[in-house]
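Asker: what's the 3D shape of this:
(one chain, ligands or ions: 2)
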Amino acid sequence: MFSSMLLAVLALAVPNLLNASPIKRDDGDFLNPTLGGGSFLDKSAGLGEPLNVIISAKSSPEVLTLDGFLQYAQTIGFDTECLGLHIGNPQTANLGDGRGDVNETEVLRESFGIPGVGTCLESATGGNHFRVFPQAGTGALFLAVSKEEDASEQHNIIPDGYNIGRDLLVANAVGEHTGFDGKKFKFNTYDTVVTNLTGLLAPGADGINHGIAQDGVIKLLTVTLK
Ligand SMILES: *[C@@H]1O[C@H](CO)[C@@H](O)[C@H](O)[C@H]1NC(C)=O
Ligand SMILES: *[C@@H]1O[C@H](CO)[C@@H](O)[C@H](O)[C@H]1NC(C)=O
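Answerer: Numbers count the residues shown, from 1 in each chain. Ligands and ions are numbered 1, 2, ... in the order given. Just a heads-up that it's a prediction; the model follows:
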């Protein structure tokens, strides 16, 4: 009698305990990296940069592919690096997806609206850029976004460059945008919805590359290809 009551109480209590966990997110947008031994900071020479934008796994599947994401990124003002040149070592991230530390898959830079060579301008004058880390299993894309100084400053991050870079990307992305789909010779229209995520990444400069504080807000973008 007593033990069956205890079981009933446990059965009621356990799911509530799970739901109460502040860091649990299992609603299909992404898997919380910290639950699998990972982090919301990537790694660069012992320090890290905030993974401050996440492209939700609930986005259209096309957007979560390498080609499809590049088309989306081009539509909101970014492109591959100038002449395929890459400055600096790849950063790594552990997204808690069982793979441990993996290299960024690419770096995309602000293109100043000039297809093809616009990112050469970014490399010379500085500007916004981000590193891409896809999460295995969910397909969500974790981005480390920051705004840089020009090349004479060795591509350091500008003051407040994590928050500024993230907010510039989001400002470009929100709402509806139409861009050229280079492969199929048609135009794609994307609708992007933004959600603030707090309580996942600690605000401040602790462990952050260049000692630049960030506000701890992660922007979740859900991108729908219309
Ligand atoms: C990550 O990048 C480094 C430097 O380019 C390279 O030596 C290493 O093999 C890469 N790791 C993987 C798993 O691709
Ligand atoms: C989202 O975060 C930004 C700061 O990054 C803040 O200005 C804005 O008010 C927040 N929006 C909501 C709905 O909380």
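Asker: where exactly do the helices run in the protein?
Answerer: Using DSSP state H, the helices of the chain run over residues 2-20, 66-75, 118-125, 161-173.
Asker: mean pLDDT lowest where, among those?
Answerer: Among these, helix 2-20 carries the lowest mean pLDDT, at a mean of 41.
Asker: so N156 sits right up against D150, yeah?
Answerer: No: counting by C-beta atoms under 8 Å, N156 does not reach D150; the two are 9.6 Å apart. All C-beta atoms are positioned from the backbone trio N, CA, C, and that covers glycine.
Asker: ranges for the strands of this protein?
Answerer: Counting by DSSP state E, the chain has strands at residues 53-55, 78-79, 92-94, 101-103, 106-110, 128-134, 141-147, 175-181, 186-197, 218-225.
Asker: looking at those, which is closest to G211?
Answerer: Across those, G211 has its closest neighbour in strand 141-147 (13.1 Å, C-beta to C-beta).
Asker: in terms of secondary structure, what does that closest one contact?
Answerer: strand 53-55, strand 128-134, helix 161-173 (3 or more C-beta pairs under 8 Å, 6 or more residues apart in numbering; DSSP states H and E).
Asker: please identify the most buried of those.
Answerer: Across the helices and strands packed on strand 141-147, the average number of neighbours (mean count of other C-beta atoms under 10 Å) peaks for strand 53-55, which reaches a mean of 25.
Asker: export stretch 178-196 to CSV, keeping only CA atoms.
Answerer: What follows is stretch 178-196, C-alpha atoms only, in CSV (Å, rounded to 0.1, in the frame of the first residue of the first chain):
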residue,chain,number,x,y,z
THR,A,178,14.0,37.7,-51.1
GLY,A,179,17.3,36.7,-52.6
PHE,A,180,18.7,35.0,-55.7
ASP,A,181,19.0,31.2,-55.5
GLY,A,182,22.1,30.9,-57.8
LYS,A,183,21.6,27.2,-58.4
LYS,A,184,18.0,27.1,-59.6
PHE,A,185,17.8,30.5,-61.3
LYS,A,186,14.9,31.7,-59.2
PHE,A,187,14.4,33.9,-56.2
ASN,A,188,13.9,32.5,-52.7
THR,A,189,11.9,34.3,-50.0
TYR,A,190,12.7,33.7,-46.3
ASP,A,191,10.8,34.7,-43.2
THR,A,192,12.9,34.9,-40.0
VAL,A,193,11.4,34.9,-36.5
VAL,A,194,13.7,35.8,-33.6
THR,A,195,13.4,34.7,-30.0
ASN,A,196,15.7,35.9,-27.1
